[in-house]
Every structure is written in structure tokens, then in C-alpha cells.
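Visitor: Got a sequence here, can you build the structure:
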Amino acid sequence: MSLPSPTLRTARLQLRPFADADAAALFALHSDAHVLRYWDSAPWTDPARAGHFVERCRQLAATGTGARLAIERAGDRTFLGWCSLTRWDPGRRSAALGYCLGEAAWGQGYMTEAAGALLQWAFGAIDLNRVQAETDTRNVASVRVLEKLGFVREGTLREDCVVNGEVSDSFVYGLLRREWRAPADAL
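Guide: Predicted structure coming up:
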């Protein structure tokens with residue numbers, strides 16, 4: 001069984017499979033050092049990375065191991081970022097949540113809305129039982145998104161990665177199907 005790449009809609013957003021036309025906006029997102037300040041990889045300097053990312057999204061869908069979706073504002077179709085389920089394990093009915101949002105969209109509830117829609121799909125359409133997420137311990141906004149979605153902090157991975165040359169810890173969060181309550185704006 002493979003994991004399909006859905007198109008999902010919320011009150012303000014559309015989540016959809018990536019297209020080649022997303023490359024420029026994707027490069028702008030991943031080349032922004034401020035957006036990536038808690039990531040364990042450097043900002044992109046080569047625009048070709050965006051094309052490789054889009055191709056990797058297609059490979060995730062083709063191999064059935066994940067779904068990474070572009071997030072756009074429904075009204076004007078402005079690219080805001082992306083949200084994903086990866087490391088899908090149908091036997092364990094589990095996956096990992098990941099996301100990235102451009103700074104202009106911060107603080108408006110977009111990621112909670114987008115991730116909520118993806119989780120609603122995951123717990124319903126593909127019958128997941130558990131979703132895990134990790135975030136740098138200093139990333140207060142990401143922690144807030146996860147906790148608003150009902151994730152529970154399960155532990156800390158000490159010195160888990162190196163961010164901008166600095167060793168960093170990560171929080172591990174988990175969300176179980178029986179604990180899931182879809183936010184109203186994710187429907």
C-alpha cells in the first residue's frame with residue numbers, strides 16, 4: 001500500500017502536491033537563514049536544490065513512504081510553506097510530521113491549521129495510530145504549534161543535532177489517534 005498525496009482544503013488554506021512551478025518560492029523559503037535558524041542544515045545557496053526537493057516529494061509519493069504538501073493561501077494562492085508526513089510505516093500505523101513556514105506567514109495560525117488538516121486526513125483516510133514530531137528545544141513557535149494540536153512531549157534527545165555550528169537538543173512529541181481532536185479550522 002502506498003501513501004497518496006492528497007489535496008486538502010481548510011477555511012483559509014489549500015495543501016497540495018508540489019509542482020515544478022513552486023521551485024522559486026521554495027528556494028526563497030529554504031534560503032532564508034532566519035526561517036532555518038533551528039534547522040540542522042544550512043540555508044540553500046543553489047536554486048537547483050528546490051528542483052531536487054520537488055523531485056524528492058514526488059519520490060516520497062511514488063514509493064509510498066510519505067506525503068509532503070505545499071501550503072498556499074486559498075484566496076490568492078500565495079505559497080506559504082509546506083507540511084509533511086514522512087517515515088510512514090503501515091505496519092505500525094505511524095508517521096513523522098514535519099513542516100516549514102515562511103516568516104511572512106508566522107503568528108497567524110497557518111501552520112496549526114495546515115498540520116491539523118494533514119493530521120485529520122492521516123488519522124482518517126490512512127488510519128494512522130501515532131504521529132511523532134521533533135523540534136529544536138529553542139523553537140518556541142514550533143512547540144506551540146505541536147501543543148495546540150494535542151501533541152504530548154515525550155522526551156528530549158540530548159545534543160541531537162548541530163544547528164549553525166552549535167550542538168542542540170530536540171524535543172520529541174507524540175500524538176495518538178485516540179487523543180486527536182481536530183481543530184475547527186482544520187476541517
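Visitor: Going by C-alpha atoms from here, please, whenever you check contacts or count neighbours.
Guide: Will do.
Visitor: ok so A61 is a helix residue?
Guide: Yes - under DSSP: H, G, I helix; E, B strand; the rest coil, A61 sits within a helix.
Visitor: the strands in the chain, which residues?
Guide: 8-9, 13-17, 67-73, 79-89, 94-101, 130-136, 152-163, 166-176 (DSSP state E).
Visitor: Tell me the strands beside the shortest one, with direction?
Guide: The one in question is strand 8-9. strand 13-17 (antiparallel) (DSSP bridges).
Visitor: could you give the angle of the strand it pairs with to strand 67-73?
Guide: 140 degrees (axes from the mean of the first three to the mean of the last three C-alpha atoms, to 10 degrees).
Visitor: which ones are touching the most centrally placed residue in the chain?
Guide: In the chain, the centroid-proximal residue (C-alpha atoms, centre = their mean) is Y99; its distance is 2.3 Å. Contacts for Y99 (C-alpha atoms under 8 Å, 6 or more residues apart in numbering) come out as 81-84, 111, 115.
Visitor: Please apply the same query to L36.
Guide: 30, 42-43.
Visitor: Out of the residues you listed, the closest to E154 would be?
Guide: A42 (27.3 Å; C-alpha to C-alpha).
Visitor: Test my guess that that closest one contacts N164.
Guide: Yes - contact criterion C-alpha atoms under 8 Å: A42 and N164 qualify, at 7.2 Å.
Visitor: show me where pLDDT drops low in the protein?
Guide: Within the chain, the ranges that satisfy pLDDT under 70 run 1-3, 183-187.
Visitor: Starting from S31, give me the distance back to V167.
Guide: With distances taken as C-alpha to C-alpha, to the nearest Å, V167 is found 21 Å from S31.
Visitor: Please say which of the two ends up with more neighbours.
Guide: Between V167 and S31, counted using other C-alpha atoms under 10 Å, the more crowded position is S31 (19 against 12).
Visitor: surely the more buried one meets W44?
Guide: Yes - with contact defined as C-alpha under 8 Å, S31 counts as touching W44 (4.5 Å).
Visitor: looking at it, C83 is touching A117, isn't it?
Guide: No - assessed by C-alpha under 8 Å, C83 is found out of contact with A117, at 10.0 Å.
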